[in-house]
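Enquirer: What shape does this take:
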Amino acid sequence: MSAPLPELCFSDRYERLRYRTALVLYVLVILIGDIPGVRADVGQYASGGVLHSFGYGVLALILFSGTSGGMARRAVLAVLMVAAMGALDEFIQSFLPYRHGAVSDWVVDITAAAAVCLPLYFLWPKMVAAALAQGAPLHKG
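Expert: Here you go, the predicted model:
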């Protein structure tokens, strides 16, 4: 039987799955973003800042939810992981003739991660409780 969506998104039982999902999405971002011409085509619809903010913000959310421990640990590790991912992304781009690595993009990545993790630090326990309570069976008494 498959798990309901709130359980997949919030239950501790699926933390590893969420963490691995973030890693797979990151690899896809790297692979797709490094295909010649793709970044230029996407750039017609969204700027690099928007793409970096959204992409690494989503990765931070999934990493936060996929990390065990207290809220501070989750937030710090998610931001540090995004910093490492963004640095690797820019490093790879610096070797491609049709791309270039930029420290400003890396700063946007880290800023997006911090902007996502800061509210999650305060809201995550309430979000988890609310989401998982919706799926709880009603008690008749």
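Enquirer: rest of the way, CA atoms for contacts and neighbours
Expert: Will do.
Enquirer: State the number of residues packed around Y19.
Expert: A total of 20 residues lie near Y19 under the criterion other Cα atoms under 10 Å.
Enquirer: so which helix or strand takes in it?
Expert: Assigned by DSSP states H and E, Y19 falls within helix 15-33.
Enquirer: Please name every helix or strand in contact with that helix.
Expert: The criterion is 3 or more Cα pairs under 8 Å, 6 or more residues apart in numbering; DSSP states H and E, and the helices and strands that helix 15-33 contacts are helix 48-65.
Enquirer: change it to 10 Å
Expert: helix 5-10, helix 38-42, helix 48-65, helix 71-93 (3 or more Cα pairs under 10 Å, 6 or more residues apart in numbering; DSSP states H and E).
Enquirer: Pull the residues that contact the shortest one.
Expert: Residues outside helix 38-42 that contact it (Cα atoms under 10 Å, 6 or more residues apart in numbering): I32, G33, A46, S47, G48, L51, Y98, R99.
Enquirer: Spatially central residue for the chain, please.
Expert: In the chain, the residue lying closest to the centroid (Cα atoms, centre = their mean) is L59, at 1.0 Å.
Enquirer: right, and V58 touches A112 too?
Expert: Yes: counting by Cα atoms under 10 Å, V58 touches A112, with 8.8 Å between them.
Enquirer: Compare those two (neighbour count), which wins?
Expert: A112 (24 against 17).
Enquirer: what's the pLDDT at A136?
Expert: We have a pLDDT of 55 for A136.
Enquirer: no no, S2
Expert: Looking at S2, its pLDDT is 66.
Enquirer: and what of the one 10 residues further on?
Expert: At D12, the pLDDT value in this model is 93.
Enquirer: which residues does the nearest residue to it once chain neighbours are set aside contact?
Expert: Of all residues not flanking D12 in the chain, S68 sits nearest, at 7.6 Å (Cα to Cα, 6 or more residues apart in numbering). With contact set as Cα under 10 Å, 6+ apart, S68 has these partners: D12, E15, R16, Y19, R74, L77.
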